[in-house]
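Participant: Please find the sequence and the predicted model below.
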Amino acid sequence: MKPAKSPRHTLRGLLILLFWVGIWQAASMLVGKPVLFASPLDTLRALLRLLPTGDYWAAVLGSLERIALGFLLALLLGLTLGVAAFRFPWLRELLAPLLTMMKTVPVASFIILILVWFGSRHLAVIVALLIVFPQIYFAALSGLGSASPELLEMARVFRVGKGKRAWQIYRPALFPYLITACGSALGMSWKAGIAAEVIGTPSRSIGEQMYLAKIYMDTAELFAWTLSVILLSMLFEKAVLWLLRRVGKTWN
Amino acid sequence: MELILEHISLRFGTHVLFRDYSLRLEDGGLYGLTAPSGRGKTTLLRIMMGLQKPDAGSLRPEGLRFSAIFQTDRLLPGRNAAEQLLFVRGSRKDREAALQFLAGLLPEESLAQPVEELSGGMQRRAAIARALWAQSDVLLLDEPFTGLDPDTLRLTMDFILDHRQGRTLLLSTHQKELLQAYPFEWLSLPEL
């Protein structure tokens, strides 16, 4: 269990946050044009205006649903193929070019191709999946590869069954890698998912709302949506990691 | 079950470790293997366990089941001593039996603790208990008494003899003098 944060630590965090909000405020005053650079207060006002509306929650839930689905599918696919590729080196070799391509092709190229092939409805799901999948896949490979050779040798001498080896040696080795990969992949799934929505503008999405804010030059609203994405991404990350750690603890 | 090593040869680069070395262990025999450090005691045990392939030679019969104590304890982190035993034999329903087995070797209050919280000597004893608990034909103990004081060594050796159940036992050590009271047949590795 993580130790509770001390009041001193919380205060320091608050002061750091205030410092950056102050920088934001100073920058907006320096620019002097709210239509180009909204101040923190304008952003807060815009957010408070959005919060009670049904459209806001429909967009938030729509985006959350798509990105969470993409993430979950990537987690399942990445783990399954990662474990299989660890077990069968030929599969690892077979998948290597595909994974290299997925890591190097710009997200925008994926977005445009998916838009052409499948339309905008499932765009964010597929983009989140494509972004997260390689991270989980490589984490699975590295995690399983980090299993102690000494313990594996011991299990071999004692003729321990595959199930026990997987559960008691490979699983504990895999878990820290998976948690770390999920930590970074979660944030990236939101970044890429929202970018895809801005380009594809599917209905009931944050991306569509950000696109509309841009069209109407409503910078305060754009900032408010951005702030919402940051908060949602942080909450989503915390919830998923909490869940994963909880599952890890229960399995122990 | 009798164990026969025939005409074993092994070299690492230019360093010859075994040249046409043969060894026969009688069924149920109690053997000690002694040689200076670096002469190949551990490697010989690894050849027997199938962890090191010799350049030439063979081990008979095939399919022998081994239990081992390695030079390092090789215990599962985060697991208590009983769970170490159940990893190599049995399931959760055998937990009581595993605890009873351990009672002769470890203090009761240590049995619920993850092994990394135990002292080095206790961890060693947990590894010894695991080797004895496992189903096997031959027990191979590589420097099993590292980190044990003379009293604990005697207690542990008695425990090993009480629980080896007629299995062939080969123990490698450089502390031969501490084991004079036990009826080992001592083997040595030839000078090359």
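Facilitator: Good, I have the coordinates.
Participant: where's the most centrally placed residue in chain B, which helix or strand?
Facilitator: Taking Cα atoms, centre = their mean as the criterion, residue B:141 is the residue nearest the geometric centre of chain B, at 1.9 Å. Element membership of residue B:141 [criterion: DSSP states H and E] is strand B:138-142.
Participant: Please report how far residue A:87 lies from chain B.
Facilitator: In this structure, residue A:87 and chain B are 21 Å apart, going by Cβ to the nearest Cβ, to the nearest Å. For glycine as for every other residue, the C-beta is placed from the backbone atoms N, C-alpha and C.
Participant: What residues does chain B have near chain A?
Facilitator: Taking Cβ under 8 Å from any Cβ of the partner chain as the measure of proximity, chain B contacts chain A at B:49-51, B:65-68, B:70, B:72, B:74, B:76-79, B:87-89, B:130, B:134.
Participant: can you rerun that using 6 Å?
Facilitator: Where chain B comes near chain A, counting by Cβ under 6 Å from any Cβ of the partner chain, the residues are B:49, B:51, B:66, B:68, B:74, B:76, B:87, B:88, B:134.
Participant: Neighbour-wise, which one of these leads?
Facilitator: Using other Cβ atoms under 10 Å in any protein chain shown as the contact criterion, the top neighbour count among those goes to residue B:68, which has 26 neighbours.
Participant: Strands of the stretch 51-200 of chain A, residue ranges please.
Facilitator: Counting by DSSP state E, counting those that start in this stretch, the stretch 51-200 of chain A has no strands at all.
Participant: Nearest residue to residue B:131 in space, please, no chain neighbours.
Facilitator: Counting by Cβ to Cβ, 6 or more residues apart in numbering or on different chains, residue B:131 lies nearest to residue B:67, which is 4.2 Å off, once chain neighbours are set aside.
Participant: Could you pull up the mean pLDDT of stretch A:148-159?
Facilitator: Stretch A:148-159 comes out with an average pLDDT of 96.
Participant: So for it, what gets flagged as buried?
Facilitator: Of the residues in stretch A:148-159, those scored as buried under the neighbour-count criterion (16 or more other Cβ atoms under 10 Å in any protein chain shown) are A:148, A:151, A:152, A:153, A:154, A:155, A:157, A:158.
Participant: contacts for that stretch?
Facilitator: The list of residues contacting stretch A:148-159 from outside it, by Cβ atoms under 6 Å, 6 or more residues apart in numbering or on different chains, reads A:165, A:169, B:49, B:51, B:66, B:68, B:74, B:88, B:134.
Participant: for the residues you listed, which one is nearest residue A:100?
Facilitator: Here the nearest of those to residue A:100, counting by Cβ to Cβ, is residue A:169; it sits at 29.5 Å.
Participant: The closest residue to residue A:192 other than its chain neighbours and residue A:66: what is the separation?
Facilitator: Using Cβ to Cβ, 6+ apart and skipping the chain neighbours, the partner closest in space to residue A:192 is residue A:131 (4.4 Å). Shown here: residue A:131 relative to residue A:66, a distance of 13 Å by Cβ to Cβ, to the nearest Å.
Participant: same deal with residue B:160?
Facilitator: 62 Å.
Participant: Between those two, point out the one with more neighbours.
Facilitator: The residue with the greater number of neighbours, taking residue B:160 and residue A:66 and applying other Cβ under 10 Å, is residue A:66; the counts read 28 against 23.
Participant: Would you check that the more buried one makes contact with residue A:126?
Facilitator: No. Between residue A:66 and residue A:126 no contact is recorded; they are 9.3 Å apart, counting by Cβ atoms under 6 Å.
Participant: And chain B, what are its domain boundaries?
Facilitator: Chain B breaks down into these domains under automatic domain parsing: B:1-65+B:136-192, B:76-135.
Participant: Ok, chain A next?
Facilitator: As recorded under automatic domain parsing, the domains making up chain A are A:1-32, A:35-251.
Participant: buried ones in the strand or helix carrying residue A:212?
Facilitator: Using DSSP H and E, residue A:212 maps to helix A:206-215. Of all the residues in helix A:206-215, those buried under the rule 16+ other Cβ under 10 Å are A:206, A:207, A:208, A:209, A:210, A:211, A:213.
Participant: And stretch A:174-182, by the same measure?
Facilitator: In stretch A:174-182, the ones that count as buried by 16+ other Cβ under 10 Å are A:174, A:175, A:177, A:178, A:179, A:181, A:182.
Participant: ok, the second one - contacts?
Facilitator: When the contact criterion is Cβ under 6 Å, 6+ apart, the partners of residue A:175 are residue A:248.
Participant: And the pLDDT for it?
Facilitator: At residue A:175, the pLDDT recorded in the model is 92.
Participant: Tell me which of the domains of chain A sits most buried.
Facilitator: Ranked by mean neighbour count, the domains of chain A are led by domain A:35-251 with a mean of 18 (mean count of other Cβ atoms under 10 Å in any protein chain shown).
Participant: wait, is residue B:116 part of a helix?
Facilitator: Yes. According to DSSP: H, G, I helix; E, B strand; the rest coil, the state of residue B:116 is that of a helix.
Participant: May I have the secondary structure class of the nearest residue to it once chain neighbours are set aside?
Facilitator: Of all residues not flanking residue B:116 in the chain, residue B:77 sits nearest, at 5.8 Å (Cβ to Cβ, 6+ apart). Following three-state DSSP, residue B:77 is assigned to coil.
Participant: Would you report the backbone torsion angles of residue B:77?
Facilitator: phi -70, psi 150 (degrees, to the nearest 10).
Participant: Distance from the helix or strand in which residue A:243 is found to the middle of the chain?
Facilitator: Under the criterion of DSSP H and E, residue A:243 resides in helix A:219-251. For helix A:219-251, the gap between its own C-alpha mean and the chain's C-alpha mean amounts to 8 Å (Cα atoms, centre = their mean, to the nearest Å).
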